[in-house]
Structures are given as C-alpha cells and as structure tokens.
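# The sequence isn't on hand, but the structure is:
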C-alpha cells in the first residue's frame, strides 16, 4: 500500500519464518480498518498461514482473501471460531466493537490480535482483563507506529544497550492526513465509534513512551482535544495533545492531528524524540523532508561520541510478529506483555476522559 494513504498503509518486510509451513494457522475478521493489511503481512512473513477471512462486506472480504494463496472467504465468524486449527484471530473492526469481537474469540479458545485502539471505554477494558484471566488467552494489540517501523525497533535496541543512558523524556508527533473526508466511513466521524483522537491515534504515542522509558504506570498530567477545522463533522476531534508522568519520573508529551497537507509525500511526518541522560534519538519514521532521498525509517543518534545518521530500512525487520506467533505456541510474553498492552490502552482512555475541549 502506498505511503500517502495512512488508513491503508501496510509495511511489507522480508519473509522470516519462525515456524514451518502449516504449523500455525490464523484467521482475519472484520476488515473495517486498513491496518488489517499490515497485521496479516507481518504474520504471514513470519510463517503463519492465513486460512480464513470473514467480513460483513462480502466483496471486500473476498478481495482480501484473494491476495493470500491459502485463504478462503467464509460467510460466518462461527466457522472460524469453531475450527480448532485456528490459533489466532486478527481483526480490525470498528473501534467500539473490537472488544466484543475479542471476547468471542477468547471464549472460543483463540488468541486475539486487534488493531489499535483496542477499546473505546474503560468498561470494555475491564471486561477484557477479566476474560484474559478466565481463559488464559491473549488480547494483543497492533501498535503499528512502533511494531511496524524499523527505525522505531532500532531505537529500542539502542536504548536497551544503554546508548543514551536512562530515558527521561519521550516526545511524540503523530500527524495524519485525513484526505477526502467523503471517502471515509461514517464511523470515522462518530466519537462513540472511534473513541476520540487521544484514544485512537494517541494510543501509538503512549505505547511508545511506555516502552522506551520503561514505564510501568503513569498519570495523565493534562490532555486537550479540539475540532478546529471540520465543523461539518462535529464528532471528529482533529487535534489533541497530552502530557504524562511515569512511575520512574520519565515524562511524555505527544501531539496528534489530522492536518497533514496534501503536498507531503507521506500520510504523516511522524517523529519521535527520546531524551536520555547521555544523549538523544530522533526518529523520522515515514519521510525525511527537504532532502533528495526523502524516504522514511531514519534515525538520528547524538551521543558522547558524536552525531550519527542511520538509515534503518532493511536492517532489523519486524520481529514482533514472529515473537507473537511463538508466544501463542509457547504461552510466553516476548513480543509484548499483556500488562503493557492494557496499560497503554488504559492511559489513552484516561487521556480522552480527562481532556479539556478547546473551542
């Protein structure tokens, strides 16, 4: 998928199977958000086989299934849930419905992998927490702006190796292009359906902060939302920002918006700046404006030895997907802990609930 279209942006990496062919089967359901493309790309590149596709839109579902050699479109989610060979269900339903889909999958004995944001209410989160406890199944989340970006993964490795010392602040910028609003589905503009901007695309920013700064709990210091320029769609929040403070003292500021101009070659100039006690890292994830080679996945490291510009494409790959497959098989938590996935979800919901509305 082209990098100009954020909703359908689907990174493609090099195949790196962690299982033999036919060893791990998964299904895809509810294709309401284009992130399902990236989710399935990552899993199949890691060796999983997409066996079934189900969607309420038959034409969309059949077209999706046709891109995978062994995938078959089915007319009911029950076919998927009743097939014992399916270990994992990937889904990108309308945000407010993601929890109910996940609960059904977990009750059927499947691990669940959902697009972000995983919930729109704290009540949904609590139901999922209880379901994980009662079933022992996973409720994993596709926080793609870290998991499916090589520069973001490269940064994590540098931080683990002490390249910038102790992380004390993470600043994230997550601009997105709305494009032609008329081309968006109706639920995109209904806050009760998408959860609000801090819940939705803000979830990426919070997850990265928790990961890079090794935060195990945090408080929302302040949060704000606005609809500056889309009065035709009163349910849309086109701007939001927030600050958080972690249990270890590390702080976070992030801004998300729907104001990427059409002149940018990417759907958004996503950037992250990670400040440590011995240096800092800047990620220019999707585009590097102002230079001849404006492609993304750029990492800038400034440390005690100097200034370093690193092109990260085709370096570290996307290890999350293979780790997730092995976690499902071995019942481990190497890809992402359940606690981490749920903490990011809780904080983005709290940001939205506490947000001051800028008129």
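Nice, thanks for sending it over. Bear in mind that the values here come from a model prediction, so they are computed numbers and not experimental data.
# Nearest the middle, which residue of the protein would you pick?
Geometric centre of the chain, nearest residue: residue 143, 1.9 Å, by Cα atoms, centre = their mean.
# So it sits against residue 203, correct?
Yes: counting by Cβ atoms under 8 Å, residue 143 touches residue 203, with 6.7 Å between them. C-beta: built from backbone N, CA, C; applies to glycine.
# between the two, what contacts are shared?
Counting by Cβ atoms under 8 Å, 6 or more residues apart in numbering, the shared contacts of residue 143 and residue 203 are 116, 344.
# Could you pick out the longest helix of the protein?
Criterion DSSP state H: the longest helix present in the chain is helix 338-354.
# what stretches of the stretch 201-350 of the chain score poorly on pLDDT?
Across the stretch 201-350 of the chain, nothing is flagged by pLDDT under 70.
# What ranges does it have for its strands?
218-226, 239-246, 251-257, 271-276, 279-284, 298-303, 306-311 (DSSP state E, counting those that start in this stretch).
# which residues are in contact with the longest one?
The reference is to strand 218-226. 196-198, 209-210, 237-247, 251-252, 343, 347, 350-352, 354-359.
# go on, the last one?
With Cβ under 8 Å, 6+ apart as the contact definition, strand 306-311 has outside contacts at 151, 154, 297-302.
# want to throw those into TSV with distance to residue 125 and neighbour count?
Below are the contacts of strand 306-311 laid out as TSV (distance: Cβ to Cβ, whole Å; neighbours: other Cβ atoms under 10 Å):
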residue	distance to residue 125	neighbour count
151	30	27
154	31	21
297	32	24
298	35	22
299	33	22
300	36	16
301	36	20
302	38	14
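# Now for those: which two are most distant?
297 and 302 (18.2 Å; Cβ to Cβ).
# I'd like the contacts of strand 306-311 as CSV, with distance to residue 129 appended.
CSV is the format used below for those (distance: Cβ to Cβ, whole Å):
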residue, distance to residue 129
151, 32
154, 32
297, 35
298, 38
299, 35
300, 38
301, 37
302, 40
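# can you pull out the strands in the stretch 1-150 of the chain?
25-29, 49-54, 72-73, 86-91, 111-115, 139-142.
# closest one to residue 128 among those?
strand 139-142 (5.1 Å).
# For that closest one, which helices and strands make contact with it?
helix 35-45, strand 111-115, helix 122-135, helix 338-354 (3 or more Cβ pairs under 8 Å, 6 or more residues apart in numbering; DSSP states H and E).
# List the neighbouring strands of that strand plus their orientation.
strand 111-115 (parallel) (DSSP bridges).
# Show residues contacting the strand it pairs with.
By Cβ under 8 Å, 6+ apart, strand 111-115 touches 26, 33, 35-36, 39, 43, 87-93, 98, 101-102, 105-106, 137-142, 324, 328.
# tilt between that strand and helix 338-354?
40 degrees (axes from the mean of the first three to the mean of the last three Cα atoms, to 10 degrees).
# what's the average pLDDT for strand 111-115?
The pLDDT scores in strand 111-115 average 98.
# thinking in terms of the whole chain, how far from its middle is it?
Averaged C-alpha coordinates place strand 111-115 at 11 Å from its chain's average position (Cα atoms, centre = their mean, to the nearest Å).
# switch to numbering from 27
Got it, first residue is 27 now, which makes that one strand 137-141.
# The closest residue to residue 315 other than its chain neighbours - how many residues pack around it?
Spatial nearest neighbour of residue 315, excluding adjacent residues (Cβ to Cβ, 6 or more residues apart in numbering): residue 295 at 6.6 Å. Other residues near residue 295 come to 21 when the count uses other Cβ atoms under 10 Å.
# what about residue 295, distance to residue 202?
Separation of residue 295 from residue 202 (Cβ to Cβ, to the nearest Å): 10 Å.
# Kindly report the same for residue 45.
Look at residue 45 and residue 202: by Cβ to Cβ, they are 34 Å apart.
# repeat for residue 191
32 Å.
# higher neighbour count, these two?
residue 202 (20 against 15).
# My read is that that one contacts residue 293, right?
Yes: here residue 202 reaches residue 293: they are 6.3 Å apart, a contact under Cβ under 8 Å.
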